[in-house]
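Trainee: return a 3D structure for these sequence lines:
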Amino acid sequence: MKNRNKHIKKYGIRISIILAFFILIIGTAVILYSSDYYHALSEADLENVITEEIDVITQGNEIMFRAKESQTGLIFYPGGKVEATAYEPLLKILASKGISCVLIEMPFHLAVLDSDAANKVFDHYPEIKTWYIAGHSLGGAMAASYVAEYPDQTEGLILLAAYPTKELPSDMKVLSVYGDQDQVLTMENYVNNMSHVKILSEVVLEGGNHAQFGNYGIQKGDGTALITPKEQWVQTADAIIQFIEQ
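Mentor: Numbers count the residues shown, from 1 in each chain. Below is the predicted model of the structure:
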């Protein structure tokens, strides 16, 4: 009996060591994966673009760019493995033109890990009466998934170099914006999945690419943009404002 108990104890120790080893490997992999992302560049050329004063309010994982006396808001999901603040230039331009924007910082820079994040936003800003949701790349796909699950929370969906993977409500209006130099967006998948959209406005930015919706530099596999980041931000903001005001 003693030998048997000794054998069981020894076996249990081995199992514990093996489990600890696998946990260590998984933990190390998660740390390495989460530390490998596109960082926001520190400078953005917004000269002669920002014409109105903008209040910036940070609350938890939300950064609000408040437009003066605005009752229209836009929730933004960042692209996958991109630092959220890389989208500040675009959202500041929108805020300066009257659209308050809430930028969501996602866990490990992946919107797929908190696709319901928008639900926490509405009560924080009761002065906003009409909400839209937007996202870039993977963030756009997750924004679309949010709309599919919560169809009554927002008035419209804005996809930047992205497409939905689920059927959207038949009355949900959608704006799709992408650059004609984008080599990251798979056009075959884009075309196939746009069948999920019933009311679509599409804007193709001549000379735009995938990465320049944000301010994080060159993205691996992307095409070379023929316009500046500032030009892409301004054209995107103009398309979004026209979509919201139509």
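Trainee: and the closest residue to residue 68 other than its chain neighbours, what does it touch?
Mentor: Spatial nearest neighbour of residue 68, chain neighbours left out: residue 52 (5.9 Å); criterion: Cβ to Cβ, 6 or more residues apart in numbering. Any C-beta I mention is one placed from the backbone N, CA and C, and that applies to glycine too. Counting by Cβ atoms under 8 Å, 6 or more residues apart in numbering, residue 52 touches 67-68, 95-98.
Trainee: looking at those residues, which are in helices?
Mentor: Applying DSSP state H to these, the entries found in helices are 95-96.
Trainee: among the contacts of residue 52, the buried ones, what's the PyMOL command?
Mentor: Burial among those is assessed by 16 or more other Cβ atoms under 10 Å; the matching PyMOL selection reads:
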select buried, resi 67+95+96+97+98
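Trainee: now tabulate the contacts of residue 52 in TSV and tack on pLDDT and distance to residue 77.
Mentor: Shown next, in TSV, are the contacts of residue 52 (pLDDT from 0 to 100; distance: Cβ to Cβ, whole Å):
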residue	pLDDT	distance to residue 77
67	92	19
68	86	25
95	96	17
96	94	21
97	93	20
98	94	21
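Trainee: for the contacts of residue 52, give me TSV that also has distance to residue 171.
Mentor: Output for the contacts of residue 52, formatted as TSV (distance: Cβ to Cβ, whole Å):
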residue	distance to residue 171
67	26
68	31
95	27
96	30
97	26
98	25
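Trainee: of the contacts of residue 52, which pair is most distant in space?
Mentor: The most widely separated members of the contacts of residue 52, counting by Cβ to Cβ, are 68 and 97 (10.6 Å).
Trainee: which of the contacts of residue 52 lies closest to residue 188?
Mentor: Among those, and counting by Cβ to Cβ, the member closest to residue 188 is residue 97, at 34.3 Å.
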